[in-house]
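requesting a structural model of the entry that follows:
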Amino acid sequence: GGPVRGRGAGRVRGRARAAGAAGAVPARGGGEVDDRLQRAVNRRIVDHTGPTVVERAGAAYLPPGEVGGRQVRPTPAGSLDILPPSAAAYGPCPASNFCTKFVHVSTNKIRCSVNTATWTPGGRRLLTGCHSGEFTLWNGMCFNFETIIQAHDKPLRSMAWSHNKAWLITGDDGGIIQYWTPTLNKAKRLFDAHKEAVRGLSYAPTDLKFASCSDDTTVKVWDFASGKVSHAMNAHGGDVKSVEWHPSMSLVASGSKDSLVKLWDPRQGRELATVYGHKNTVNCVRWNNRGDYLLSGSRDQVLKLFDLRTLREVETYRAQSKDVTSAQWHPVHEDMFVSSSSDGTLNFWVTRYNKPMAAIKGAHESAIWGLAWHPVGHVLASTSQDNTTKFWARNRPGDMVRDKGGDARLFSEPPRSAPPGKFGNHGGGIPGLG
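This is a model prediction of the structure:
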C-alpha cells in the first residue's frame, strides 16, 4: 500500500507524463493511466431534419390557410424555433436565410485550387471539382471528408446535374465532357467536345439536350443520348465564360469576354438578342427560378438584373471591390442571391435594394470560384483559389456575428430601393429578431 520506489516509480511516472501529453485521462483508482481514453473533440454540425420535423408537426394543428411559426427568442435556446427556409412563416422575409455564420473549412491533403462545387441529389454530400482533376465528396451534415476520385486528367472547370438528378456532366481544361451516374461511375466521355477549357454546362428543362461554352468562343447545344452536337454558335468575340439554359423555355443565355450577354435559340442555333450593359468580361449569367429575370456579373465589379420581357436593365448592384467571379440565386427565396469576388468577399442581396444586405469580408484568402446552395437553402458552400472549401450557415440567436471565417456584417437599414416590381416589398429583418 506504500509509495512505489526505485526503477518501478520512474517507469510509472514516465508512462503518466507520456499519457498526459497525449491527452489521456487517468483512471479513477489512481496510479494507473488508461491511454485508450481520449478527450472528446467538438465538431460543428448543421442538422436540417430537426427543424423540418418541428414545422410539420406544428402545421398539423393549424386551421387551413393559417401560417405557423413561433417568434424566435433572442437567446441561444431560440435556435430550436428556427424553421427551414421553405417554411411559410419565412416566405416574405428572405433575410432569414443570410448564411453569414462560418461553420467549417475543408481542405484536401493535396492542396490545389477548388474550381467548382455542386450538392448531390438530396443534399447529403457536397461534390467539389479540383485543379488536380479530382472529385472530393464532403459530408453535408458534419462536413468531414468521405472520398476522393480521379475524374479528369486536367483541371475540372464545370459541373451540372440533370433536372431529374439521374446524370451528372463535367467539363475540364482539355475540352473533354464526361457523363456520370449518381454513384459517380463513368458512363461516357466526349473527346474534343471543345478546343479549349469548358467553362459552363447547363441542361435543358427536358434533360434531352444540354448546352456548353468554352474559351474557344463557341456555345454548343448537344443531344444528350447520342453525345453529338446539334448546333455550334460562335457569334461571341471572345472566350465564353458562362452559359445557362432557361428553366422552362427553349432559350439559352451566355456571357463572354467581349463584355456581351447573348440570348440564343437552341432549336435553330441562331442568335436572338444581344444585351449591352457591362464594360468588361461577363463571368456569370443566371436565370432566376421562374425565368423572368437574368442576373449577370462581370469583371467591371458590377452585377446587373435584366427583365426578359423587355430586355432592359432593372437594377445595377455595385458593392464588389474586385471582379465578380460567381453568383447564385437562393433555391427557395425568389428575390435573394449571393455573389462572390476575386478578393474573397461574399455579398448577400435582395433584388429590391442596390446595396448588399449582408456581407462577409475576407471569407476566403483568394478568389472565390464556386458557390453552391444546399437544396434546402440553409447552408452555402464556397470554393476558392486558396485551396479550401468553406461552409456557411444561418446565424442563430446568441451567435457572434464576427467569426474566424471572415468579417460578417448585417445591414439593418436598407439603402435606396428600386421601384416596386414583381419581387414585391420585403423587409430586411429576421422574424422575432427585428
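
residue ranges of the strands in the stretch 201-350 of the chain, please?
With DSSP state E, counting those that start in this stretch, the ranges of strands along the stretch 201-350 of the chain come out as 209-214, 219-223, 228-233, 240-245, 252-256, 260-265, 270-276, 282-287, 293-298, 302-307, 312-318, 324-329, 336-341, 346-350.

what's the fourth one packed up against?
In terms of contact count using 3 or more CB pairs under 8 Å, 6 or more residues apart in numbering; DSSP states H and E, strand 240-245 is assigned the packing partners strand 198-203, strand 209-214, strand 252-256, strand 282-287. Backbone N, C-alpha and C define where each C-beta goes, glycine included.

what pairs with the spatially most central residue of the chain across the strands?
Among the residues of the chain, the one closest to the centroid is residue 372, at 1.6 Å (CA atoms, centre = their mean). Residue 372 has these beta-bridge partners by DSSP bridges: residue 381.

OK, contacts around it?
117, 118, 119, 126, 328, 380, 381, 382, 383 (CB atoms under 8 Å, 6 or more residues apart in numbering).

which two from those end up farthest apart in space?
126 and 328 (13.8 Å; CB to CB).

mind listing what residue 321 touches?
Residue 321 neighbours (CB under 8 Å, 6+ apart): 301, 341, 343, 345.

at 10 Å what do you get?
Residues near residue 321 by CB atoms under 10 Å, 6 or more residues apart in numbering: 301, 341, 342, 343, 345, 361.

quick check: phi and psi at it.
phi -90, psi -10 (degrees, to the nearest 10).

and it, how far from residue 361?
Residue 321 is 9 Å from residue 361, where distance means CB to CB, to the nearest Å.

between the two, which contacts overlap?
343, 345.

low-confidence ranges in this protein?
The model of the chain has pLDDT under 70 over residues 1-45, 47-81, 87-89, 91, 398-434.

just the helices from it, written as ranges.
Assigned by DSSP state H, the chain shows helices spanning 7-21, 49-59.

dump the strands of the stretch 201-350 of the chain to JSON lines, plus distance to residue 193 and mean neighbour count.
Output for the strands of the stretch 201-350 of the chain, formatted as JSON lines (distance: least, CB to CB, whole Å; neighbours: other CB atoms under 10 Å):
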{"stretch": "strand 209-214", "distance to residue 193": "7", "mean neighbour count": "25"}
{"stretch": "strand 219-223", "distance to residue 193": "7", "mean neighbour count": "22"}
{"stretch": "strand 228-233", "distance to residue 193": "8", "mean neighbour count": "16"}
{"stretch": "strand 240-245", "distance to residue 193": "13", "mean neighbour count": "26"}
{"stretch": "strand 252-256", "distance to residue 193": "16", "mean neighbour count": "28"}
{"stretch": "strand 260-265", "distance to residue 193": "18", "mean neighbour count": "21"}
{"stretch": "strand 270-276", "distance to residue 193": "21", "mean neighbour count": "14"}
{"stretch": "strand 282-287", "distance to residue 193": "20", "mean neighbour count": "24"}
{"stretch": "strand 293-298", "distance to residue 193": "25", "mean neighbour count": "25"}
{"stretch": "strand 302-307", "distance to residue 193": "29", "mean neighbour count": "20"}
{"stretch": "strand 312-318", "distance to residue 193": "34", "mean neighbour count": "16"}
{"stretch": "strand 324-329", "distance to residue 193": "23", "mean neighbour count": "22"}
{"stretch": "strand 336-341", "distance to residue 193": "27", "mean neighbour count": "26"}
{"stretch": "strand 346-350", "distance to residue 193": "32", "mean neighbour count": "26"}
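
nearest to residue 144, out of the ones you listed?
From the strands of the stretch 201-350 of the chain, taking CB to CB, the stretch that ends up closest is strand 346-350, at 22.9 Å.

any idea how far apart the tips of stretch 170-187 sit?
In stretch 170-187, first residue to last residue: 12 Å (CA to CA, to the nearest Å).

just the buried residues of that stretch, please?
The neighbour-count check on stretch 170-187 (16 or more other CB atoms under 10 Å) flags 170, 171, 172, 173, 174, 175, 176, 177, 178, 179, 180 as buried.

OK, contacts around the last one?
Spelled out, that is residue 180. Residue 180 is in contact with 127, 135, 149, 151, 159, 161, 167-170, 186-188, counting by CB under 10 Å, 6+ apart.

list buried residues within those.
Taking 16+ other CB under 10 Å as the criterion, what is buried in the contacts of residue 180 is 127, 135, 151, 159, 161, 167, 168, 169, 170.

re earlier: list just the nearest of the contacts of residue 180 to residue 387.
Checking the contacts of residue 180 against residue 387 with CB to CB, the nearest one is residue 135 at 15.8 Å.

separation between the closest residue to that closest one other than its chain neighbours and residue 193?
Counting by CB to CB, 6 or more residues apart in numbering, the nearest residue to residue 135 once its immediate chain neighbours are dropped is residue 149, at 4.3 Å. Using CB to CB, residue 149 is found at 20 Å from residue 193.

cool, and residue 364?
Look at residue 364 and residue 193: by CB to CB, they are 30 Å apart.

the more surrounded of those two?
The residue with more neighbours, out of residue 364 and residue 193, is residue 364; 28 against 20, by other CB atoms under 10 Å.
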